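J.: Quick one, structure for this:
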Amino acid sequence: MLNEMRWWWPVCLASELGTQPLGLRLLDQPLVLWRDAQGQPVAMVDRCPHRGAQLSLGRVVAGTLQCPYHGWRFEPQGRCVGIPAQPGFTPPASSGVCRHAAVEHEGLVWVALAADATVREALPDLSALPQRRLVYGPFDVATSAPRAVENFLDTSHFAFVHEGWLGAADHPEVPPYEVTHTADGRPVIERYKAWQPRASAAAAGGDWVTYRYEVLSPYSALLSKQGDAGGPQDSYTIWACPTAPDHCRLWFAQYTTDAVSSDDALRDFQVEIFSQDQPVLESQQPKRLPLSGGEAHSAADRLSAAYRRYLQACGITFGVC
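T.: Numbering: from 1, shown residues only. Here you go, the predicted structure:
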């Protein structure tokens, strides 16, 4: 799992992290998140070095995280700064907790497990997207994170999974398209055409829609689209947190020029779309994404195949087989 450590992973909504510790899982590891005295997110291993209690069951006291078992207190860098049973004792470095890097970005809190900042990959820059942003989720899904991202990139399921919404039974064809790559090897489709009966929450009828797809990282991707008849410009990201090899937590962010639709209308549309995807995703076997064969492909699967090759090139081992 060494290669996975260099990436930033979304773990919770920024608004979800309040004044008390939050326990969660990333790459099958238990973490505790909390905010320091300046309100900055802090991520640590969710285990007290004293007797192994979950620190996420404790509380934040005067800018430190207090263990629920014996009250040991840890400052944001992980150093133990207080043992109530021994008030005058200065705890050694070995009594500290492992801390991980944590930042807020695009409405989420992200964690990187690599201790060396120089090996961490950069977070995606989405400043060129429309400024109206809504984040939907979390969605807990019983499949691997790579399966979920590949579904987001899939170009041929609209007519069947999203019939009457993003696809139509009389337009199941996938037109020829070319997969290119960014300078750092991420797959891209610059232009892809699809007929959609209802392309967005604001759509009044069907339209041909032009898509652009881009893989942002091993477990995240971006699509942008606009109808040929005009209307709002929309971009969507999938942010996948690999909680276990065969389970993930997802968020979807929408960046839109739609100034008419309410937040609720936009959210309801996207939640309905994913409710159509989720049972199919959870039915797939194996739950881990096969990178070494075992599944048939067609020409319509060029982007999926390129995504799998990209995961191999990145050395990803978690959630794949």
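J.: Parallel or antiparallel, which strands does the longest strand along the chain pair with?
T.: Looking across the chain with DSSP state E, the single longest strand is strand 230-244. Here strand 230-244 is paired, per DSSP bridges, with strand 220-227 (antiparallel), strand 247-256 (antiparallel).
J.: Of all those, which one is nearest Arg308?
T.: Smallest distance to Arg308 across the strands paired with strand 230-244 (C-beta to C-beta): 13.2 Å, for strand 220-227. Quick note: C-beta positions are derived from backbone N, CA and C, even for glycine.
J.: Give me the contacts around that closest one.
T.: Contacts with strand 220-227, where a contact means C-beta atoms under 8 Å, 6 or more residues apart in numbering, come from 10, 124, 126, 129, 149, 152-153, 196, 199-200, 203, 207-216, 232-240.
J.: Among those, which are located in helices?
T.: Val149, Phe152, Leu153 (DSSP state H).
J.: If you rank those residues by neighbours, which is first?
T.: Among the ones in helices among the contacts of strand 220-227, Val149 has the most neighbours (other C-beta atoms under 10 Å), with 27 neighbours.
J.: my read is Asp277 is in a strand, agree?
T.: No. Read with DSSP: H, G, I helix; E, B strand; the rest coil, Asp277 is helix and lies in no strand.
J.: In PDB, list the C-alpha atoms belonging to stretch 22-41.
T.: This file holds the C-alpha atoms of stretch 22-41, laid out as PDB (Å, rounded to 0.1, in the frame of the first residue of the first chain):
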ATOM      1  CA  LEU A  22     -14.800  12.100  14.500                       C
ATOM      2  CA  GLY A  23     -13.800   8.500  13.900                       C
ATOM      3  CA  LEU A  24     -13.600   7.100  10.400                       C
ATOM      4  CA  ARG A  25     -11.700   4.600   8.200                       C
ATOM      5  CA  LEU A  26      -9.300   5.200   5.300                       C
ATOM      6  CA  LEU A  27      -7.600   2.300   3.400                       C
ATOM      7  CA  ASP A  28      -8.800   0.000   6.200                       C
ATOM      8  CA  GLN A  29      -7.100   2.000   8.900                       C
ATOM      9  CA  PRO A  30      -9.000   3.700  11.700                       C
ATOM     10  CA  LEU A  31      -8.400   7.500  12.000                       C
ATOM     11  CA  VAL A  32      -9.700  10.200  14.300                       C
ATOM     12  CA  LEU A  33     -10.200  13.700  13.000                       C
ATOM     13  CA  TRP A  34     -10.700  16.800  15.100                       C
ATOM     14  CA  ARG A  35     -10.100  20.600  14.900                       C
ATOM     15  CA  ASP A  36      -7.300  22.400  16.800                       C
ATOM     16  CA  ALA A  37      -7.600  25.700  18.600                       C
ATOM     17  CA  GLN A  38      -7.300  27.600  15.300                       C
ATOM     18  CA  GLY A  39     -10.100  25.400  13.700                       C
ATOM     19  CA  GLN A  40      -7.700  23.500  11.400                       C
ATOM     20  CA  PRO A  41      -8.300  19.800  10.800                       C
END
